[in-house]
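Q: give me a 3D structure for the following:
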Amino acid sequence: MLGLICSLLLNVNILSYAPPVNYQISLAGNFGEPRPNHFHGGIDVKTDGVEGKKVMTIADGFVSRVTIGLLGFGNAVYVQHPDGHTSVYCHLKSFSPRISALVKRWQYKHQCYIADVRLSPSDCPVAQGDFIAISGNTGASEAPHLHLEMHNTKTWEMVDPLDFLKPYVKDGFKPLAHGFMAYPKSGEGIFCNGTGKSSYGFPSPNLTRKFTAWGKVGFGIWANDYMEITYNRYGIRHTKLSVDGRVVFESDVSGIPVQDNLMVNSWGDYEHYCRYGVWYMKSFVEPGNRLPVLHADHNHGYIDFNQERDYHIVYTLTDFAGNSRDYTFTVTGKRMGIPKKKVFNPRWMMHWNQTNSMDMPGMQLVIPYGMIADDVELQPSIIKQPGSLSNKYKFYSVSNPMLGWGEISICLNKKVKDTSKLYIESNNGVDHFMGGTFKSGWVTSKIRELGANYQIVEDVTPPTVNPVGQGSWNTSHKLVIGLTDSGSGIKSYKAYIDGQFVLFAMVPKSPWVECKLKETPIAMTGKMHNFKFIAVDNRNNIRTFSAQVRY
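A: Presented below is the predicted three-dimensional model:
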């Protein structure tokens, strides 16, 4: 084993990569695709719509981490490679026997199904092509597939797995643009006689229609990449915007810091996506957007139409394989008056380059520096709720997520028996537990969405624990529990047989957890055993279920 580890360390420069599956790779999604609140952090390898495909490590290294139930990954394996990268294999159905044994040992030691197992180089070394897992559909997965990520081990930046697996993915198709959006800068620009954003299609790569503009205007593009062996649409790896041969904006989607995921809402037109389900990616950079994959000129990507002449605009789109396509159109500079910038209410203006705070009756909001990409005028509202724990507050008329966490404090309107049961609930179509602490008549919690409703809620009701198919427990030797909570949500659960901990695993895509007795330390005796299941919610309400089980 030590010899293998030494060999890995000595051969960093000749490390090679191979596919994680033993068939032709076909992608359901590529790296960096814009999605609400995050970039797609890897590639989605198709598994023919089924679970059960073998997953192999793509290069030499060692299993450094195994997680269950974290980050939406379901079951996941992390393999650290000696060249400074770590590959992550997600949504797995199960692990190899060697990895399964390490995980189960950790779960029983910590008496917890949700697992974050950290391993040393000598615990589980692997070579390229070693079997590590079976593909599945666990976690935040809508269909069976393998989600594969690559990270810089030291910085944990997300990098494009296709940079390592390029020879194994067929792509001879050029990217395709569907349209562009013009964004006149408020008070400083006008486009086709309008000051609001406007979109135009690309019926062909070279538009013959001439557009007019004056002053500063930004552009955005709606485009996708395609591959010949699937019907899926993918994000664009490289975008370049030029005017008269001069590059004003460029993006190369790789090397994205995980902490910058929310900045996708600033680069993409989040408001348009929420309304129409289409991403226009801006070719200018908002002042608070710190994404290192975006590069703009001194005007931050805005084009200054300050001469009465034709400006020749070119979008160049390129995929990971080097397939490239140009889209061109002409904008004529036409001198015209530009309406003054809209006057905003200074009380509700939040500025991107400072810490902001605002007060309303019974509520305080703090937005720290760096949490918004550009100045925004809030649209606050109060829904009074006489007799309730608090009023309900909202700060924007539609969804408007920040780039990180702000803080809200809401005044409690009536006395309660136990203030530890209070928390702040957000609702943007679905209720969400935001946590919170009570102090001097106020409940304070973190928030990230300005377009949600916020109020104080109390949870004094324990979780609901229901046995499922209890009549067959004694013969199937499998215990199944339905576990739900209508308030703050499930925090944890544990189960014991005759006082000894037994592991209950989550049943994917269901509110059930199950225990296969033959996989526990409990010896089969054919006698009755005392079974106890304890569930705790996020406000520490406890529900205990007890039964007799023959095993």
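
Q: would you map the helices across the stretch 301-450 of the chain?
A: In the stretch 301-450 of the chain, no segments count as helices under DSSP state H, counting those that start in this stretch.

Q: mind listing the strands for it?
A: Applying DSSP state E, counting those that start in this stretch to the stretch 301-450 of the chain gives strands spanning 303-305, 310-318, 324-333, 349-350, 356-360, 363-367, 376-377, 381-383, 392-394, 401-411, 422-427, 431-433, 437-439, 442-449.

Q: strand partners (parallel or antiparallel) of the longest one?
A: Strand pairing for strand 401-411, using DSSP bridges, gives strand 363-367 (antiparallel), strand 442-449 (antiparallel).

Q: okay if I get those as JSON lines plus mean neighbour count, mean pLDDT and distance to Thr155?
A: To be clear about C-beta, it is placed using only N, CA and C from the backbone, and glycine gets the same treatment. Listed next are the strands paired with strand 401-411 as JSON lines, based on neighbours: other CB atoms under 10 Å; pLDDT from 0 to 100; distance: least, CB to CB, whole Å:
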{"stretch": "strand 363-367", "mean neighbour count": "20", "mean pLDDT": "98", "distance to Thr155": "27"}
{"stretch": "strand 442-449", "mean neighbour count": "19", "mean pLDDT": "98", "distance to Thr155": "23"}
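
Q: low-confidence stretches in the chain?
A: Applying pLDDT under 70 to the chain flags residues 1-13.

Q: show me what counts as buried in the lengthiest strand in it.
A: Under DSSP state E, the strand in the chain containing the largest number of residues is strand 206-224. Under the neighbour-count criterion of 16 or more other CB atoms under 10 Å, strand 206-224 has 207, 211, 213-224 buried.

Q: tell me the one among those nearest to Phe62.
A: Nearest to Phe62 out of those is Asn224 (CB to CB; 37.4 Å).

Q: how near is that closest one to Ala28?
A: Going from Asn224 to Ala28 by CB to CB, to the nearest Å gives 14 Å.

Q: just Gly61 next, same as before
A: Gly61 is 26 Å from Ala28, by CB to CB.

Q: so for those two, which sits in the more crowded spot?
A: The neighbour comparison of Gly61 against Ala28 (other CB atoms under 10 Å) goes to Gly61, with 27 against 19.

Q: which residue, neighbours along the chain excluded, lies closest to that one?
A: His81 (4.0 Å; CB to CB, 6 or more residues apart in numbering).

Q: Provide a list of residues in contact with that neighbour.
A: 15, 59-61, 87, 153 (CB atoms under 8 Å, 6 or more residues apart in numbering).

Q: swap the cut-off to 7 Å and go again
A: Residues near His81 by CB atoms under 7 Å, 6 or more residues apart in numbering: 15, 59-61, 87.

Q: ditto for Gly404
A: Counted by CB under 7 Å, 6+ apart, Gly404 has contacts 262, 370-371, 448.

Q: repeat for Phe62
A: If you count contacts by CB under 7 Å, 6+ apart, then Phe62 has 79-80, 121, 124-126 around it.

Q: any idea what it is bridged to?
A: Gln80, Pro125.

Q: ok, longest helix in this protein?
A: If you go by DSSP state H, the chain has its longest helix at helix 97-110.

Q: tell me how far the ends of stretch 396-416 are from each other?
A: Chord length of stretch 396-416, first to last residue, is 30 Å (CA to CA, to the nearest Å).

Q: circling back: got JSON lines for the strands of the stretch 301-450 of the chain, with distance to Gly69 too?
A: Formatted as JSON lines, the strands of the stretch 301-450 of the chain follow (distance: least, CB to CB, whole Å):
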{"stretch": "strand 303-305", "distance to Gly69": "48"}
{"stretch": "strand 310-318", "distance to Gly69": "38"}
{"stretch": "strand 324-333", "distance to Gly69": "42"}
{"stretch": "strand 349-350", "distance to Gly69": "36"}
{"stretch": "strand 356-360", "distance to Gly69": "36"}
{"stretch": "strand 363-367", "distance to Gly69": "31"}
{"stretch": "strand 376-377", "distance to Gly69": "35"}
{"stretch": "strand 381-383", "distance to Gly69": "35"}
{"stretch": "strand 392-394", "distance to Gly69": "32"}
{"stretch": "strand 401-411", "distance to Gly69": "22"}
{"stretch": "strand 422-427", "distance to Gly69": "22"}
{"stretch": "strand 431-433", "distance to Gly69": "17"}
{"stretch": "strand 437-439", "distance to Gly69": "26"}
{"stretch": "strand 442-449", "distance to Gly69": "22"}
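
Q: the ones you listed: which one's closest to Ala140?
A: Shortest separation from Ala140 across the strands of the stretch 301-450 of the chain is recorded for strand 431-433, at 15.1 Å, computed as CB to CB.

Q: and the contacts of His81, which of them are in strands?
A: 61, 87.

Q: and among the strands of the stretch 301-450 of the chain, the most buried is which?
A: strand 303-305 (a mean of 23; mean count of other CB atoms under 10 Å).

Q: and that strand, how far out from the chain's middle?
A: 35 Å (CA atoms, centre = their mean, to the nearest Å).

Q: adding distance to Lys478, write the strands paired with strand 401-411 out as JSON lines.
A: Below are those laid out as JSON lines (distance: least, CB to CB, whole Å):
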{"stretch": "strand 363-367", "distance to Lys478": "49"}
{"stretch": "strand 442-449", "distance to Lys478": "39"}
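
Q: from Ala127, how far out is Thr461?
A: Distance, Thr461 to Ala127, using CB to CB: 52 Å.

Q: top of the contacts of His81 by neighbour count?
A: The most neighbours of any of those, using other CB under 10 Å, belong to Gly61, which has 27 neighbours.

Q: now for that residue: which residues touch it?
A: 8, 79-82, 126 are the contacts of Gly61 under CB under 7 Å, 6+ apart.

Q: out of these, which end up buried?
A: 8, 79-82, 126.

Q: now render those as CSV, adding distance to Trp352.
A: Output for the buried ones among the contacts of Gly61, formatted as CSV (distance: CB to CB, whole Å):
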residue, distance to Trp352
Leu8, 46
Val79, 39
Gln80, 37
His81, 38
Pro82, 41
Val126, 45
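
Q: looking at these, which is nearest Cys192?
A: For those, the minimum distance to Cys192 (CB to CB) is 51.6 Å, reached by His81.

Q: how far away is that closest one from Met150?
A: Computed as CB to CB, the His81 to Met150 distance reads 9 Å.

Q: which residues are in contact with each of these two?
A: Shared contacts of His81 and Met150 (CB under 7 Å, 6+ apart): Ser87.

Q: give me the contact list for stretch 503-523.
A: So stretch 503-523 is contacted by 69, 107-108, 113, 137-138, 468, 477-484, 493, 495, 497, 500, 502, 551 (CB under 7 Å, 6+ apart).

Q: how long is that stretch end to end?
A: End-to-end distance for stretch 503-523, by CA to CA: 14 Å.

Q: how about that stretch: buried residues?
A: 503-506, 508, 512-515, 517, 520, 522.

Q: what do you get for stretch 535-549?
A: Of the residues in stretch 535-549, those buried (16+ other CB under 10 Å) are 535-539, 541, 543, 545, 549.

Q: between the buried residues of stretch 503-523, which is nearest Val285?
A: Nearest member of the buried residues of stretch 503-523 to Val285, counting by CB to CB, is Pro508, at 40.2 Å.

Q: what's the distance between that closest one and Leu148?
A: Relative to Leu148, Pro508 is positioned 19 Å away (CB to CB).

Q: now stretch 231-251: buried residues?
A: 232, 234-243, 248-251.

Q: so how far is that stretch off the chain centroid?
A: Distance, stretch centre to chain centre, for stretch 231-251: 23 Å (CA atoms, centre = their mean).
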